[in-house]
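Student: following is a predicted model, sequence given first.
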Amino acid sequence: MKILLPDGKELELPAGATARDVAEKISRSLAKEAVGAIVDGELYDLFKPLPEGATVQIITRKDPEYQQLFRHTLAHVMAQAVKEFFAKKGYDPEEVKLGIGPVIENGFYYDIDAPEPISDADLPEIEKLMQRIIKRNLPLRRYTLPREEALARYRGKDPYKTELIEDLPEGDEISFYEQEGFTDLCRGPHVPSTGKIPPHFKLTHVAGAYWRGDETRPMLQRIYGVAFRSKEELDHYLWQLEEAKKRDHRRLGRQLELFHIDPMVGKGLVLWLPKGNVLREELIAFMRNEQIERGYELVTTPHIGSLELYKTSGHYPYYADSQFPPMELEDGEAYLLKPMNCPHHVRIYAMRPRSYRELPLRLAEFGTVYRFEQSGELHGLTRVRGFTQDDAHIFCTPEQVKEEFLGVLDLTLKVFGTLGLSDFRARIGVRDPNSDKYVGDAEHWAVAERQIQEACEEAGLEYTIEEGDAAFYGPKLDFVVKDVLGREWQLGTIQVDYNLPERFDISYKGADGEEHRPVMIHRAPFGSLERFIGILIEHFAGEFPLWLAPVQVVVVPITDRHNAYAQKVRVELEAAGLRVKVDERPERMNAKIRDAETQKVPVILVVGDKEMEEGIVAVRDRRTGERATKPLAEVVRNLAERVRTRARE
């Protein structure tokens with residue numbers, strides 16, 4: 001068989017040759033360093049036979065693909081260690097049943113059906129067993145079996161592997177990987193031996209996971225692990241995990257009394273507490289002012305709508321699985337909790353004939369929508385069942401699309417800039433031509449995709465193209481923001497839509513007196529307010545910029561005789577538009593300051609005899625680090641200006 005190298009050189013090898021054979025043919029030193037290969041763009045290990053005529057690039061530990069290989073093998077090492085762990089407890093290792101063990105971002109996991117529960121306290125012992133397996137440098141071996149022989153190995157012994165084999169299409173290769181004392185059904189790829197795995201890993205936690213994600217199936221135990229090339233990378237990641245726990249918006253939401261999710265109200269339904277509502281309303285006010293300045297008109301629509309509305313739009317049945325069931329009335333009418341705002345805005349547009357002179361028409365709403373998320377997928381504010389979108393829909397002529405898209409792009413970048421979310425990437429989602437989930441004709445799709453790309457290029461915005469990531473009715477531009485911990489979040493989306501206007505048969509009268517079809521642009525810079533705030537809580541660790549802080553200033557009188565002056569300070573600050581509390585509790589000054597710091601109040605003003613006599617305040621500013629004594633009027637003026645300009649600090 002013939003194999004091509006990246007430089008175009010051709011190698012002649014015997015049939016069934018592997019990447020190991022290629023490396024050995026090139027040089028003895030490369031064969032020693034090789035850990036895998038890229039074969040026609042696909043990651044292979046050194047064991048899997050190569051296809052005839054393939055282009056093969058050998059990879060070593062220096063290549064980024066090495067991580068995927070050793071993380072996958074670590075999942076096998078962990079499964080072997082779990083079997084050994086239970087063997088030491090007196091169980092037959094075969095009593096440990098294995099589900100799946102894939103590579104995930106930064107690590108791996110394995111779903112395990114064990115004879116007794118595994119706890120986080122067991123993980124250090126399992127890690128020790130894994131380290132021993134790695135040090136033994138066990139070579140791996142790959143082999144295949146006919147379907148019936150593979151099934152015979154597991155039938156009656158391991159229902160999970162049996163099911164996986166039965167679900168494979170007839171004719172598919174069934175491969176196994178074996179290292180001393182352990183064999184697993186697996187497609188690969190893997191490193192050639194356990195000694196090729198760097199020892200920089202950690203098992204992080206155990207969680208429950210339904211078999212194949214189906215809550216009607218058995219609950220397995222999923223052990224998660226992370227793994228890196230170097231100790232420095234592992235230490236940094238573990239620091240990130242600890243920092244993420246401190247920043248967890250669910251914990252800070254309770255501590256700062258921002259929001260509450262009450263089981264009696266319903267899972268995934270957020271109760272905004274007074275402080276959290278201030279945060280929410282500040283963001284809404286910011287967006288509302290920006291929209292008004294940019295020519296948007298504000299509307300309000302109901303929380304439910306006729307099922308026929310969503311059938312026409314295509315949201316039902318396309319998203320039926322993620323919607324609450326329709327409410328059917330005795331007269332045959334059916335209603336749906338609103339899953340999207342756009343059909344309602346289309347009907348506002350359609351209420352009367354429209355002229356080209358009215359376009360672009362920009363309709364905006366802070367509209368609450370509802371989605372049926374599975375209980376196991378709910379997570380604080382970031383995955384909920386009811387959420388509010390800063391939703392807007394622009395109805396325009398085809399000639400206006402690029403200019404309107406650029407305007408929305410400018411608004412989105414203004415939002416990110418104001419909040420200090422400067423590390424982001426742009427992603428254009430286009431349709432998968434081989435999928436049937438999309439509506440509309442190919443010509444409209446091509447035009448819309450081209451317009452988005454042209455707008456990004458005109459704005460100087462770098463982007464990637466993600467095939468299959470479009471909405472069912474049109475292509476979109478998503479913004480993926482990186483927070484202070486380096487985690488990525490999808491925030492803000494802009495979509496060009498030729499299809500909903502077609503489905504609802506809306507039009508405008510053009511300058512030629514004829515009816516024409518408008519184009520819709522969907523946009524939501526925040527996306528879901530709930531999710532956006534959850535991310536902001538973690539990004540800022542609850543220490544919000546002054547303009548966003550629920551309580552901006554706490555005034556601390558040193559003793560009771562300073563209360564009157566403290567109230568005078570409050571009045572002057574409130575007159576300048578600031579949110580202020582005076583702590584008149586009969587506590588020591590240091591205790592009051594500590595409590596204000598625990599609540600992450602940006603500015604603390606301490607007042608005593610000297611301050612009262614001279615009309616000054618002692619400033620403690622968490623955001624700037626300033627500690628100084630200043631005239632009250634100057635402090636009021638400076639704080640008001642920081643709020644007015646929404647200073648990022």
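Tutor: All right, it came through fine.

Student: check contacts around Val582.
Tutor: By CB atoms under 8 Å, 6 or more residues apart in numbering, the residues touching Val582 are Val554, Val555, Pro557, Asn563, Ala566, Gln567, Val569, Arg570. All C-beta atoms are positioned from the backbone trio N, CA, C, and that covers glycine.

Student: can I get the residues you listed in TSV including secondary structure, distance to Phe504 and pLDDT?
Tutor: Listed next are those as TSV, based on DSSP: H, G, I helix; E, B strand; the rest coil; distance: CB to CB, whole Å; pLDDT from 0 to 100:
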residue	secondary structure	distance to Phe504	pLDDT
Val554	strand	52	97
Val555	strand	56	97
Pro557	strand	62	96
Asn563	helix	62	95
Ala566	helix	59	96
Gln567	helix	58	97
Val569	helix	57	96
Arg570	helix	53	97
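
Student: who's in contact with Lys482?
Tutor: Asp423, Phe424, Arg425, Glu488, Trp489 are the contacts of Lys482 under CB under 8 Å, 6+ apart.

Student: next one: Arg570 from Leu548, what distance?
Tutor: 20 Å (CB to CB, to the nearest Å).

Student: show me how far the helix or strand hosting Lys202 is from its chain's centre.
Tutor: In the assignment (DSSP states H and E), Lys202 maps to strand 201-210. Distance of strand 201-210 from the chain centroid (CA atoms, centre = their mean, to the nearest Å) equals 19 Å.

Student: now the strands: where do they sit in the stretch 201-350 of the chain?
Tutor: 201-210, 219-227, 259-260, 271-272, 297-298, 304-306, 327-328, 334-337 (DSSP state E, counting those that start in this stretch).

Student: what helices or strands is the strand holding Lys202 leaning on?
Tutor: strand 107-113, helix 123-135, strand 219-227, helix 231-247 (3 or more CB pairs under 8 Å, 6 or more residues apart in numbering; DSSP states H and E).

Student: helix, strand or coil for Ala152?
Tutor: Three-state assignment for Ala152 (DSSP: H, G, I helix; E, B strand; the rest coil): helix.

Student: how about Asp595?
Tutor: helix.

Student: for Glu127, which non-adjacent residue is spatially closest?
Tutor: Distances taken as CB to CB, 6 or more residues apart in numbering place Leu203 nearest to Glu127, at 5.5 Å, with adjacent residues excluded.

Student: residues contacting that neighbour?
Tutor: By CB under 8 Å, 6+ apart, the contact list for Leu203 reads Met78, Leu123, Ile126, Glu127, Met130, Ile223, Tyr224, Gly225.

Student: Provide a list of residues in contact with the third one.
Tutor: This means Ile126. Ile126 touches Met78, Ala81, Val82, Phe85, Ile118, Leu203, Ile223, counting by CB under 8 Å, 6+ apart.

Student: and the contacts of Lys482, which of them are in strands?
Tutor: Phe424, Arg425, Glu488, Trp489 (DSSP state E).

Student: which of the residues you listed are buried? Put it as a PyMOL command.
Tutor: Entered in PyMOL, the line below selects the buried ones among the ones in strands among the contacts of Lys482, by 16 or more other CB atoms under 10 Å:
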select buried, resi 424+489
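
Student: and the furthest pair within the ones in strands among the contacts of Lys482?
Tutor: Arg425 and Trp489 (11.3 Å; CB to CB).

Student: quick check: neighbours shared by those two?
Tutor: Listed contacts common to Arg425 and Trp489 are Val480, Lys482; contacts here mean CB under 8 Å, 6+ apart.

Student: quick check: domain ranges of this protein?
Tutor: Using automatic domain parsing, the domain parsing of the chain gives 2-59, 66-238, 291-528, 553-644.

Student: rewinding a little: tell me the one among the contacts of Lys482 nearest to Arg523.
Tutor: Looking across the contacts of Lys482 and measuring by CB to CB, the closest to Arg523 is Phe424, at 15.9 Å.

Student: I'd like the distance between Ala15 and Glu613.
Tutor: 97 Å.

Student: one more: Glu443?
Tutor: Distance from Glu443 to Glu613, by CB to CB: 78 Å.

Student: go on, Met264?
Tutor: Note on Met264: its distance to Glu613, by CB to CB, is 53 Å.

Student: can you check Pro550 too?
Tutor: Distance from Pro550 to Glu613, by CB to CB: 32 Å.

Student: next: Leu298.
Tutor: Using CB to CB, Leu298 is found at 50 Å from Glu613.

Student: neighbour-wise, which of those two wins?
Tutor: Leu298 (13 against 9; other CB atoms under 10 Å).

Student: beta partners of that one?
Tutor: Ala364 (DSSP bridges).
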